[in-house]
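# Need the 3D shape of this:
(chains A and B)
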Amino acid sequence: MTTVAQPLVDGRTWRRLRKWGPAAIVFGIGIALWQWVLPTLGVERYLLPPLTDVLEAFWDNRSELLRAGWITFKEALGGFALGCSVAFLCALFLARWRPLGNALMPYMIAANAVPIIAFAPITNAWFGTLSPWSKVVIAAVLCFFPVLVNTLRGLTSVRPESLELMRSYAAPQRVVFGRLRIPNSLPFVFTALKIASVLAMIGAVVGDYFGGSTESLGVQIVSAVSVAQYETAWAAILVASMLGIAFYAVVALAERLVLSWHPSIRAGVE
Amino acid sequence: MSAAEAVVSARGISKTFGKGGVTALQGIDLEVGLGEFISLIGPSGCGKSTLLRVIGDLVEPSSGEILVNGKTAHRARLDRDYGMVFQAAVLYDWRTVAKNIALPLELMGFDRSTRAARVRELTHLVELQGFEKHYPWQLSGGMQQRVAIARALSFSPALLLMDEPFGALDEMTRERLNLELLRIWSEIGSTVVFVTHSISEAVFLSTRVVVMSARPGRITSIVPIDLPQPRTVETREEPRFFELVTEVREALHAGGADAVEPEPEVTA
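Coordinates of the predicted model:
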């Protein structure tokens, strides 16, 4: 097979094919399993409707679903922006005043392990069930801790000689942060931002589950399930998945652009 | 030499780390004159790196007085009187070669065109033309260290402090960089204090070799190196070079460096 394929395509195309081919094959198998194999195995419609039915439901309800997706995505984006920026500022503050950072760090790590999503009903009570702010806040809190912990680690894991170099230039703290600590933290920050993009979407959708604008994606999923419209529920889940993946991809792309100097990024580029 | 022309003047410097802990330096007196190339050599743990950091005001001495360019070491650091080169190149990974070299110039507020001009001169000086846009990870260890040297020289400090800058490099790269360093030193005429644990490197580079002993770190002798300047590849083959290497080695041994360091007996 290899000997047949090689003369047909040039080296570059062949390398790409070899890199992405297996993933594409797995994708195809997954689709085929979903569409044809599961129904013949007797998997009921309410457990998982065939893909074409889901796509049909999406097409029939596309305007509501996309509007709902946009509403929920805005909640996620707002929470992401709020949570990540506050976390970054807190990390700067804690890195600058280390005793404070050391005092608070154990609690930050503990808070990072708390299932914050459990607070979703509470934020509804705080901000009002129908208010988007209750979802924005839960998404923000979900984003906050991983970004804080990772950024703080990035700001403080600076080689001692790098600091001595700054000291030899008699550089003030402002410069040490601007030229050394913050750039040093960026790989850590982007790792956290990628995690946060996923968490923000989860926060917004799950926040919707506990009540929200009837136009939001989470509410649509819950109400579709309650009237046994499983295809519609799955179509909404598909929209949520696509938005989540797109969000992650945008953050990953930003990472590539900002960290073009980083060996791990350069090594990944062909 | 008179105190006025001394670039570094240390009087009775001692340094103890921790409470009643290790005495890294004891009673160090050292004068380094303008344009000298001084090597500090000694067994590991003799405090040679600590002494270099005391000169650079990166470590505060427990006692004694240290003057750099006739002012306190602290004042000299604030005035950016010296450039430092470490054993690791300590380049900032997110900066290109050109931007790493220009870092101190940026901090000192030089404008863009001055920085660009200076980077051009320095990449030429350390022979890294064509690599200005490379990132540190794309360079070999020897090239990284040349960038570090260019960065230290970028703001034309009168004093260059070097802490085993070639210690992590292979022998061939090290010898080539030794020659380059001497060429640079003769071109810019600055004063160098150079820490090394290589006897031949110390003899080859220096105008004087300061021999130190371990625990507590003291200066046991100072060997003037009368090899003619400029030094070349052949310098290492001259009989006088070997005599001086032997002299430094014997001075090190006299200081106790040859004694197998007795491990502290653990009595159960």
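
# Give me every residue in chain A lying close to chain B.
Neighbours of chain B within chain A, by C-beta under 8 Å from any C-beta of the partner chain: A:159, A:161-162, A:164-165, A:167-171, A:175, A:179-180, A:183-184, A:186, A:259, A:261-263, A:266. C-beta: built from backbone N, CA, C; applies to glycine.

# So what's the residue count around B:Thr114?
By the measure other C-beta atoms under 10 Å in any protein chain shown, the count of residues near B:Thr114 is 12.

# which SS class is it?
helix (DSSP: H, G, I helix; E, B strand; the rest coil).

# which ones are touching it?
B:Leu105 (C-beta atoms under 8 Å, 6 or more residues apart in numbering or on different chains).

# Can you tell me how far it is from B:Ser156?
As judged by C-beta to C-beta, to the nearest Å, B:Thr114 and B:Ser156 stand 12 Å apart.

# Next: B:Leu182.
18 Å.

# Okay, strands next: where are they in the stretch 1-150 of chain B?
For the stretch 1-150 of chain B, the strands defined by DSSP state E, counting those that start in this stretch occupy B:6-16, B:23-33, B:37-41, B:63-68, B:71-72, B:82-85.

# quick one: buried residues of the second one?
This points to strand B:23-33. Across strand B:23-33, burial judged by 16 or more other C-beta atoms under 10 Å in any protein chain shown covers B:Thr23, B:Ala24, B:Leu25, B:Gln26, B:Ile28, B:Leu30, B:Glu31, B:Val32, B:Gly33.

# how far does it sit from the chain's center?
The chain centre lies 15 Å from the centre of strand B:23-33; the measure is C-alpha atoms, centre = their mean, to the nearest Å.

# With just CA atoms, put it into CSV.
Output of strand B:23-33 as CSV, limited to C-alpha atoms (Å, rounded to 0.1, in the frame of the first residue of the first chain):
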residue,chain,number,x,y,z
THR,B,23,32.5,30.4,56.3
ALA,B,24,32.7,30.9,52.5
LEU,B,25,35.3,33.7,52.6
GLN,B,26,37.8,34.8,55.2
GLY,B,27,40.0,37.8,55.3
ILE,B,28,40.1,38.5,51.5
ASP,B,29,42.4,41.3,50.4
LEU,B,30,42.5,41.9,46.7
GLU,B,31,43.3,44.8,44.4
VAL,B,32,42.4,44.6,40.7
GLY,B,33,43.9,47.3,38.6
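
# Mind listing residues that contact it?
B:1, B:3, B:5-17, B:38, B:47, B:50-51, B:54, B:61, B:64, B:191, B:193, B:210, B:215-219.

# Can you narrow those residues down to the ones near chain A?
Filtering the contacts of strand B:23-33 for proximity to chain A by C-beta under 8 Å from any C-beta leaves nothing.

# Tell me how many other residues crowd B:Ile188.
13.

# Do I have it right that it meets B:Ser156?
Yes. Checked against C-beta atoms under 8 Å, the pair B:Ile188 and B:Ser156 is within contact range at 7.1 Å.

# related to what we said a few turns ago, narrow the contacts of strand B:23-33 to those that are buried.
Using 16+ other C-beta under 10 Å as the burial test, the contacts of strand B:23-33 include B:6-10, B:13-16, B:38, B:47, B:50-51, B:54, B:61, B:64, B:191, B:193, B:210, B:216-219 as buried.

# Looking at B:Leu182 and B:Ser156, which one has more neighbours?
Neighbour count, other C-beta under 10 Å: between B:Leu182 and B:Ser156, B:Leu182 has more, with 20 against 9.

# contacting residues for the closest residue to B:Ile55 other than its chain neighbours?
Nearest residue to B:Ile55, sequence neighbours excluded (C-beta to C-beta, 6 or more residues apart in numbering or on different chains): B:Val8, at 5.6 Å. B:Val8 makes contact with B:Leu30, B:Glu31, B:Val32, B:Ile55, B:Ile66, B:Leu67, B:Val68, B:Leu159, B:Thr191, B:Val193 under the criterion C-beta under 8 Å, 6+ apart.

# Tell me the bridge partners for the third one.
Looking back up the chat, that one is B:Val32. For B:Val32, the beta-bridge partners are B:Val8 (DSSP bridges).

# Now do it against B:Val68, distance only.
9 Å.

# any low-confidence regions in chain B?
By pLDDT under 70, the low-scoring segments of chain B are B:1-4, B:20, B:256-268.

# Identify each buried residue in the longest helix belonging to it, please.
The longest helix of chain B (DSSP state H) is helix B:171-188. Buried positions in helix B:171-188, judged by neighbour count with 16+ other C-beta under 10 Å: B:Thr173, B:Arg174, B:Glu175, B:Leu177, B:Asn178, B:Leu179, B:Glu180, B:Leu181, B:Leu182, B:Ile184, B:Trp185.

# I'd like these written out as a markdown table, with distance to chain A added.
Compiled in a markdown table, the buried residues of helix B:171-188 are given as follows (distance: C-beta to the nearest C-beta, whole Å):
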| residue | distance to chain A |
| --- | --- |
| B:Thr173 | 20 |
| B:Arg174 | 20 |
| B:Glu175 | 24 |
| B:Leu177 | 19 |
| B:Asn178 | 22 |
| B:Leu179 | 25 |
| B:Glu180 | 21 |
| B:Leu181 | 19 |
| B:Leu182 | 23 |
| B:Ile184 | 19 |
| B:Trp185 | 19 |
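
# What mean pLDDT does stretch A:136-149 get?
On average, the pLDDT along stretch A:136-149 is 92.

# roughly how far is that stretch from the heart of the chain?
With C-alpha atoms, centre = their mean, you get 12 Å for stretch A:136-149.
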